[in-house]
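1. sequence plus the predicted model coming up.
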Amino acid sequence: MTQDTGDRAPAATATGISVVMPILNEERHLAHAVEAVLSQPAPGPVEVILAVGPSSDRTHEVAEQLAADDARVRLVDNPSGRTPDALNAALAAAAYDVVVRVDGHGILSADYLATAVRVLDETGAANVGGIMDAVGTTSFERAVATAMKSRLGVGGARFKLGGEAGEAETVYLGVFRREWLRRVGGYDSRFSRAQDWEMNYRIRQAGGLVWFTPELRVEYRPRGSFRALARQYRDYGRWRRVVARQHPGSINLRYLAPPAALAGVALGAVGGVLWSPLWLLPAGYVAAVTVGGVAVARADGLAVMARMPAVLATMHMTWGWGFLTSTIRLQDEPTGLGEAQTTPSNGAVA
């Protein structure tokens, strides 16, 4: 694979936009995602840096062809295949003063780059981001997308629900002033998941502003099966618990709702054998996700409505299970920009 080790990045950061993309098994979507970046108007030069992991499909070939077809696309290797390592490798090779994170299956809205730079300038923010616009094609994906855009599914997360522009705890993906990435040391490579939330926490603790704006939108493809959805939300819960351990005080009630729901359902299911009124706990939860799920999906058709209660329960219960059972401990010293690991981390011990 063609590899750029970052030698082309100037010693002094130039004015422009570096789009960094962690890539693994993205054969189907990568070309479309890159095209959505390169076709945009932008207030300055743009480069796209693809940090490509050891994929099992034709992602390498697609990435190489994209780089051969357009000099603005560069490749770096990510031997570990881990997202934070990919991001740090791409950041180390980036040439410009604005850094935009995009995933290999994410499609940017029109004028995303120009709007993001304008909002950075207007707000003085360290990081700005917008809406994670989940869009499904199958009935199951559409049900997940609807759940992800509802308060019943994800609580009050503005980057999934939308809302007014303003200061935020975290945003989806992010558009950064590179000086802030340098200041906080980039992504903590020990975080296989939740690395964006964790870094935004460090940015805010260092005095930086994280800003949400609904003007920015990235199309996101939801998981396509219950098994994949359960694994995704279990991992979200596991790693959000790690963030809470690493940064005491970073947790809030929204993140405690899924484990509380799981504990209540489990208590009622087991305790109801001894004291029947406890059956009201799981029964009440089932009623809530059924009635609520049908309500939020009422405009999406019967196929989506029928799947919604089970989709909501999968998201809640697996997130809660991951949070409650997480035994991951961070043992290594964090690595950041220019220090991406070449093998899976020993810092995360299950």
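-> Received, thanks. What you are looking at is a predicted structure, and each value in this text was computed from that prediction instead of being measured. Residues are numbered from 1 along each chain as shown.
2. between the two ends of stretch 204-224, how far is it?
-> Terminal residues of stretch 204-224 lie 34 Å apart, using C-alpha to C-alpha, to the nearest Å.
3. buried stuff in that stretch?
-> By 16 or more other C-beta atoms under 10 Å, the buried positions in stretch 204-224 come out as 204, 208-213, 215-223. Just so you know, the C-beta spots here come from the backbone N, C-alpha and C atoms, and that holds for glycine as well.
4. and which of those is nearest Ala313?
-> Among these, Arg223 lies closest to Ala313 (C-beta to C-beta), at 14.9 Å.
5. next up, phi/psi of that closest one, please.
-> phi -60, psi 150 (degrees, to the nearest 10).
6. let me know the closest of the buried residues of stretch 204-224 to Ala116.
-> Leu216 (6.0 Å).
7. could you look up the SS state of the closest one?
-> Secondary structure, DSSP: H, G, I helix; E, B strand; the rest coil: Leu216 is strand.
8. just the helices in the stretch 1-150 of the chain please.
-> 30-38, 59-69, 83-93, 112-123, 139-148 (DSSP state H, counting those that start in this stretch).
9. return the most buried member of those.
-> helix 83-93 (a mean of 27; mean count of other C-beta atoms under 10 Å).
10. can you give me the strands for the protein?
-> Assigned by DSSP state E, the strands in the chain fall at 14-23, 46-52, 73-77, 96-101, 107-108, 127-134, 166-167, 172-177, 210-220, 329-330, 348-349.
11. mind listing what Ile49 touches?
-> 4, 18-21, 74-76, 90, 93-94 (C-beta atoms under 8 Å, 6 or more residues apart in numbering).
12. what's the spacing between the closest residue to Thr138 other than its chain neighbours and Gly301?
-> Spatial nearest neighbour of Thr138, chain neighbours left out: Gly224 (6.4 Å); criterion: C-beta to C-beta, 6 or more residues apart in numbering. According to C-beta to C-beta, to the nearest Å, Gly224 stands 18 Å off from Gly301.
13. Gly271 contacts Leu278, correct?
-> Yes: judged on C-beta atoms under 8 Å, Gly271 makes contact with Leu278 at a distance of 4.1 Å.
14. can you give me the helices for the stretch 201-350 of the chain?
-> Using DSSP H, counting those that start in this stretch, helices in the stretch 201-350 of the chain cover 226-246, 253-271, 280-296, 302-325.
15. which other residues reach the second one?
-> In this case it means helix 253-271. Taking C-beta under 8 Å, 6+ apart as the rule, helix 253-271 contacts 155-157, 237, 240, 244, 278-283, 285, 315-317, 319-321, 323-324.
16. from these, list just the buried residues.
-> In the contacts of helix 253-271, the ones that pass as buried (16+ other C-beta under 10 Å) are 157, 237, 240, 244, 278, 281-282, 285, 315-317, 319-321, 323-324.
17. domain parsing for the protein?
-> Following the TED database, the chain resolves into domains at 17-225, 246-325.
18. looking at the shortest one now, give me its mean pLDDT.
-> Confidence over domain 246-325 (mean pLDDT, whole number) is 93.
19. just how off-centre is that domain within its chain?
-> 22 Å (C-alpha atoms, centre = their mean, to the nearest Å).
20. and if you look at stretch 63-76?
-> With C-alpha atoms, centre = their mean as the basis, stretch 63-76 stands 24 Å off its chain's centre.
21. show the average pLDDT along that stretch.
-> For stretch 63-76, mean pLDDT rounds to 96.
22. how close does Thr137 sit to Gly224?
-> Going from Thr137 to Gly224 by C-beta to C-beta gives 9 Å.
23. same check, this time on Ala266
-> Distance from Ala266 to Gly224, by C-beta to C-beta: 28 Å.
24. same check on Leu216?
-> Distance from Leu216 to Gly224, by C-beta to C-beta: 25 Å.
25. same check, this time on Val117
-> For Val117 relative to Gly224 (C-beta to C-beta), the value is 34 Å.
26. repeat that for Ser39.
-> 27 Å.
27. which of the contacts of Ile49 has the weakest pLDDT?
-> Lowest pLDDT among the contacts of Ile49: Asp4, with 48.
28. OK, contacts around Asn127?
-> Shown in contact with Asn127 (C-beta under 8 Å, 6+ apart): 171, 174-177, 180, 200, 203, 208-211.
29. which one of the residues you listed is nearest Asp70?
-> Using C-beta to C-beta, the contacts of Asn127 come closest to Asp70 at Val175, 21.2 Å.
30. where does the closest one land on pLDDT?
-> So, for Val175, pLDDT stands at 97.
31. so where's the stretch 101-250 of the chain shaky on pLDDT?
-> Where the stretch 101-250 of the chain drops to pLDDT under 70, the residues are 155-162.
32. go again with 90.
-> Within the stretch 101-250 of the chain, the segments meeting pLDDT under 90 span 104-106, 149-164, 192-194, 220-221, 243-250.
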